[in-house]
Every structure is written in C-alpha cells, then in structure tokens.
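# Build me a structure from this.
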Amino acid sequence: MQQLDWIVLSITLLFIILYGVYKSSGSKNVEEYILANKETPWWLVGLSVMATQASAITFLSTPGQAYHDGMGFIQFYFGLPLAMVVICIVFIPIYHKYKVFTAYQYLELRFDLKTRSLAAFLFLIQRGLAAGITIYAPSIILSTLLGWNLTLLNIIIGISVIFYTFIGGTKAVNITQKQQMFVILSGMFVTFYLILHMLPNEMTFSNALHIAGANDKMNILDFSLNTESRYTFWTGITGGFFLMLSYFGTDQTQVGRYLSGKTDRESQLGLIMNGFLKVPMQFFILLTGVMVFVFFQFNPVPLNFNPNNKILIENSKYKEDYTKLEKKLTNLSEEKKEYNLLYIDHLNQNFDNPILRNKLKELAGREKDLRDQAKEIIEKVDLKAETNDKDYVFLHFILHYLPKGLIGLLLAVIISAAMSSSASELTALASTTAIDIYKRNIKTEKTEKHFVHATQFFTLGWGIIAILFACVCTLFENLIQLVNILGSIFYGTVLGIFLVAFLVKFVKGKSIFYSAAISQISIFVIYYYFIYIHPSGQEKLGYLWLNFIGALITIILSSIFQFISNLIAVRK
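Predicted coordinates for the structure are as follows:
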C-alpha cells in the first residue's frame, strides 16, 4: 500500500466514525437510544437494512465464492423479495401496534415470559457468535496486508466499532450506515469498471461472459431436486425464504433497523426497497468475482491465494515440490491465455467453438488438480493450515492489480461494511439484553437514563465478547457460508415461534415453549449427523433446509401439543 492509499483509508473511516458520534450523542431516553426516536425516513431504513446485511464478509467472501463456484450462490437470495412482502404485511403492523422495542417483547404479550426469554436467548447465542465473525473478517485483510498480529487487529477494529455505537446507539448506526453504503457501492462499481478495462483490448463484456460460461461459472439456476446441493432454485425459495423471513422478521439486528422508522408505512417502504435492490446487488458482487476469474485467465495466478500458506511452504522441506507445482501452473497459465485469446477471436467472428470450450474446461480441470496437489503439500507441512483460499481471492486482486488510491478505497469498503454490520449487531444484542432480560426481570423502578446507561454497558460487554470470539475464530470453508450456516441452525426454530404467534391463534405459551425447545435440539442433531460429520464426508442435506425444518417442527409440534392439552382439559 502506498501513502495515498493510507490517506484515503484513514480519512474515509475517521470521517464516518466522527460524523456518527457528532450527529447522535446525548440520548435522553431508551426510545431515542434504541429506536433513534422513531424518526428514521423510509430510504434510510432501506439503506440501514441493506448495510446491516452487507457485512465485510459479503465483500470479502462473495467474490471468492463466485471465483471458485460461479454464480449459483445467487439462488440463496431468491426467497428474499417474497420474505420482505410477508414481513411488511404480517410482522411490521403487529410490531408497531404493540410499540415494542424488540421483536421478543411481543412474544410475552402473545405467549409468556419463558417463551420470550427462550427466543431472546437463542438470538443472543447466534448473533453473539456472528458478531465475532464480522469483526474477524476485516482483520484477515489487514493482517495479511500489514503482517500485524491478527489478535491485535481484532481488538483495534472491535474497539473502533464499540466507540461510536456506545455513544450514539441506533441513531449513530443509521447515520454512519448512510455514508458506509455510499463508500461500498462507489468502490464496487469503480472496481468492476477497472476489471473490464484491464481485460485484453480485443475482448468485449460478452466475450468475458462466454469465457466464464465455458468454465461453468455462469450456471445461475439449478432446478434439480437434489437435497444434498447447497444452492438450488428450490433451496433458495424454500430454505432461503425461511432464513430471510426469520432474519429480517425476528432477528433484532434487522428488526431494530425498521422499528426506528417514523411510521409502519416508512418501515414497510424501507423493506420493499431492500427487496428490490438486495438481489441485484448480490448478483453484481458475484459477477465481480466472476470477472476476477476471467481476469486471471490472462494474468499470473498464485497456486494458493492465502499468502500465509506460501510463507509456510517457504520454511519447510516441501519447498522444492511446491515450486515444481508453481512452474507447472505458470506454464498452464500461458497455455490458458493462448487458448482464451483464440476463443475470443472465434467469438468475434460469431462462432462459439465447442472444441475450444471443451479445451478450456480441460485446462480448468488441470489447474484444479495442481491446486489440490498444492493443498496436500500444505497439509503435510501443517495439518491445521487453512488450505481453502476463497476468502483471499478478491483481496489478492485488490492488493496486486488495483491502482494507487483505489486500494485504500476498497479496503475502506470492506472495513466500512464490517463496522456497519458489527455496529448493528452490538446495538441489537445490547437492546435485547437490556429490554428482554435486564429490564423485564429487575424488581425496582429505574429512570430512563438508568436504562440508557445499562444498554450502553451491555453494548460494551457484547463488544468485548465479540472481540474474544473473533480472536479464537478460524476460517471455515467460506466466511459468508459460516455466517449463513450459523444462522440456519437457530433461525428456523425462532421463526416457527413467531409464525405460530402470528398465524396459529389457538396455541398457548406452554405448548410453543416445549415445541421450540424440542425443535432446536432436533436441529442440532440433524446438523451434526447429516451435515457436519456425515460418514461419507459429503453433506446429505443442504444447510438452508434447516430453516424450513426448524420452523415446520415448531409449528407442527406446538399444534399437536396444544390439541392434546385442550383435549385433556375438556375431559377434566
């Protein structure tokens, strides 16, 4: 990084933090601190909702996901627009009617205290862990870039987020997210333009899509009924729908964003805005990753994108074996470039040569074999080494190929996204702890200022917990998938509780509580045996189905339990 990059990065982040503190400090009561005095306009609600979901993981991992696996991940979001419509029609009017501070307050009004506490507890576990991951993601970037200690970076980034969140609460989060989304979208559009500009002169955007397609990167839709596939059209509109319905409808991280809207209509418009823009935004980010893949068909590419593995190999007895693989990859890259240019020449003559397409696939297969061999060598050096390099692909491109100044902007994009998401998570965790646990169980009368200070204290406490989890977090297969898997384990049960509350009126508190407890235990078991440690080593169930299964178990069991309870009561 050059001096200009540091200047761009520092000014961007400092402005966002200081502006947020300046515009939001001095909350007088809980409503102002947690709900921003319910003065947020619809467009800012929409931006805040988008910024909360678009964490650093989105911009760090999604391009790498597309680089390796193509555009199929977009199917994960197919259920989102439908979920927004359901939330606008069913959830928001009820939340505004009862004037709740958190989603879980409503559950006590509908059921009982223990059901409210269970849902809040499940949220705190899931989101508390996820908050650590969103801090950990940008730490990877700066650790790789600067060679700084990863733990130290987790602490620095975590404290930066805690600073303005502690002072300004939800208002600070909403205000800063406006600037953060501007930085994020500007940086991504500029990057996409530069990628296309750096491709060979004779190459058009249509050519780039053909090359991506020849390498199976443009397989957007999968209508197969294979439950083992993580991302298909059906998992998107079923499992994805239930995940999004639970995330946006029952997760306080998002509920808190639109509860701050001026009216229920402002909240609804904000969510509809998110429904219209979220899928195109994710499509664009994935397409950026695909274009990075196309770019590397004409430029040198590392054997493994994680630079830490290269350092590991350099100090081992397997250095020579690894170097031989690198030479083979260099020769293969030259061959790929030659055949891709020939393929482009045929495309410009309106001839999509099937022989060349097959050749490109064959070369891609050979490259994959070399990468797999490299992973085996890395594992020989250190069994605990993270050989999966999806989260480093976009970072490698940013650091090695973008011009001065823009590197700082792109790092600001990723770190801004991390701050945005982490701040929303901390305010949600703090407000849920303060309102659903502390205030609900405290026996003596306290002032509004007391609860503001209590919420600030919980913000600090959850921030410390998130930092500690970030310090022990390790890379999963892909960070964005880790967050979604973590959510899928818990969201189905919580969503089932809320769906019963809204739609199955005859079910009472005791039935829903025991049903939810059984449902959550069942999801743990299903995940453990069918996804985490299946004997074949291959998942037997896509994790998105956990959302649907958890909700279904909760609804069915609670209805059965209540029916039996009513039957027993009648006989008595």
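# surely Cys360 meets Ala214?
No, residue 360 isn't Cys; it's Leu. Yes: contact criterion CB atoms under 8 Å: Leu360 and Ala214 qualify, at 4.6 Å. Bear in mind the C-beta positions are built from the backbone N, C-alpha and C, glycine included.
# Any chance of the backbone angles for Thr40?
phi -80, psi 130 (degrees, to the nearest 10).
# Am I right that it is in contact with Ser260?
Yes: between Thr40 and Ser260 there is a contact under CB under 8 Å: 4.3 Å.
# Break down the stretch 1-150 of the chain into its helices, ranges please.
Secondary structure of the stretch 1-150 of the chain by DSSP state H, counting those that start in this stretch: the helices cover 3-24, 30-35, 42-53, 56-69, 80-86, 92-98, 105-110, 113-146, 150-198.
# who touches the fourth one?
Contacts with helix 56-69, where a contact means CB atoms under 8 Å, 6 or more residues apart in numbering, come from 73, 133-134, 137-138, 140-141, 184, 188, 217, 282, 285-290, 292-293, 296, 305, 389-395, 397, 413-415, 417-418, 421, 478-481, 483.
# picking up where we left off before, looking at the helices of the stretch 1-150 of the chain, which has the lowest confidence?
Lowest mean pLDDT within the helices of the stretch 1-150 of the chain: helix 30-35, at a mean of 70.
# just to revisit the earlier point, list the residues that contact both of Leu360 and Ala214?
Common neighbours of Leu360 and Ala214 (CB under 8 Å, 6+ apart) are Tyr343.
# Return the residues in contact with His450.
Counting by CB under 8 Å, 6+ apart, His450 has no contacts.
# Now do it, the pLDDT please.
86.
# Please apply the same query to the one 5 residues further on.
Turning to Thr455, the model gives it a pLDDT of 86.
# Quick check: chain neighbours aside, which residue is closest to it?
Ala434 (4.2 Å; CB to CB, 6 or more residues apart in numbering).
# now Ser143
Leu150 (4.4 Å).
# That neighbour: what's it in contact with?
Shown in contact with Leu150 (CB under 8 Å, 6+ apart): 139-140, 143, 471.
# Out of those residues, who's the most crowded?
Counting neighbours by other CB atoms under 10 Å, Ser139 leads those with 27 neighbours.
# for it, what are its contacts?
150, 153-154, 157, 470.
# picking up where we left off before, let me have the contacts of Leu150 in a markdown table, extended by distance to Asp251.
Listed next are those as a markdown table, based on distance: CB to CB, whole Å:
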| residue | distance to Asp251 |
| --- | --- |
| Ser139 | 24 |
| Ile140 | 25 |
| Ser143 | 29 |
| Cys471 | 24 |
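# picking up where we left off before, how much space separates the residue nearest to Ser143 from Val472?
11 Å (CB to CB, to the nearest Å).
# about what we covered before: including distance to Asn348, could the contacts of Ser139 go into CSV?
Formatted as CSV, these follow (distance: CB to CB, whole Å):
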residue, distance to Asn348
Leu150, 47
Leu153, 47
Asn154, 49
Ile157, 47
Ala470, 49
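# nearest spatial neighbour of Ile553, skipping sequence neighbours?
Per CB to CB, 6+ apart, closest to Ile553 is Ser519, 4.2 Å.
# Secondary structure element holding that neighbour?
helix 509-527 (DSSP states H and E).
# pull the CA atoms of stretch 143-156 into CSV?
Output of stretch 143-156 as CSV, limited to C-alpha atoms (Å, rounded to 0.1, in the frame of the first residue of the first chain):
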residue,chain,number,x,y,z
SER,A,143,-3.3,-8.9,9.0
THR,A,144,-2.4,-10.2,5.5
LEU,A,145,-1.6,-6.7,4.2
LEU,A,146,0.5,-5.4,7.1
GLY,A,147,1.8,-8.5,8.7
TRP,A,148,0.3,-7.4,12.0
ASN,A,149,-0.9,-9.7,14.7
LEU,A,150,-4.4,-10.9,14.0
THR,A,151,-5.5,-10.8,17.6
LEU,A,152,-4.3,-7.2,17.9
LEU,A,153,-6.3,-6.2,14.8
ASN,A,154,-9.4,-7.9,16.1
ILE,A,155,-9.1,-5.7,19.2
ILE,A,156,-8.5,-2.5,17.3
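# So what's the gap between that stretch and the chain middle?
On the basis of CA atoms, centre = their mean, to the nearest Å, stretch 143-156 sits 21 Å off its chain's mean C-alpha point.
# before we move on, the earlier item: and the helices of the stretch 1-150 of the chain as TSV, adding distance to Phe248?
Conversion of these to TSV gives the following (distance: least, CB to CB, whole Å):
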stretch	distance to Phe248
helix 3-24	23
helix 30-35	17
helix 42-53	7
helix 56-69	16
helix 80-86	6
helix 92-98	10
helix 105-110	15
helix 113-146	13
helix 150-198	16
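# Quick one: closest of these to Gly408.
Minimum separation from Gly408 across the helices of the stretch 1-150 of the chain (CB to CB) falls at helix 3-24, 3.3 Å.
# Would you mind pulling up the elements that that closest one packs against?
Secondary-structure packing of helix 3-24 (3 or more CB pairs under 8 Å, 6 or more residues apart in numbering; DSSP states H and E): helix 150-198, helix 406-432.
# and among these, the most buried is which?
Most buried of the helices and strands packed on helix 3-24, by mean neighbour count (mean count of other CB atoms under 10 Å): helix 406-432, with a mean of 27.
# how much space between the closest residue to Phe242 other than its chain neighbours and Ile311?
Among residues not flanking Phe242 along the chain, Asn547 sits closest, at 3.8 Å (CB to CB, 6+ apart). Using CB to CB, one gets 39 Å for the distance from Asn547 to Ile311.
# Please say which of these two ends up with more neighbours.
Neighbour count, other CB under 10 Å: between Asn547 and Ile311, Asn547 has more, with 33 against 11.
# What strand or helix carries the more buried one?
Assigned by DSSP H and E, Asn547 falls in helix 545-571.
# Next, the buried residues of that helix.
545-555, 557-559, 561-562 (16 or more other CB atoms under 10 Å).
# Just the buried residues of stretch 451-462, please?
Buried-residue list, stretch 451-462, by 16+ other CB under 10 Å: 451-452, 454-456, 458-459, 462.
# quick one: contacts of it?
27-30, 33-34, 128, 131, 162, 165-166, 169, 425-427, 429-431, 433-434, 438-439.
# can you check stretch 346-353 too?
In contact with stretch 346-353 (CB under 8 Å, 6+ apart) are residues 202, 204, 206-207, 210, 343, 356.
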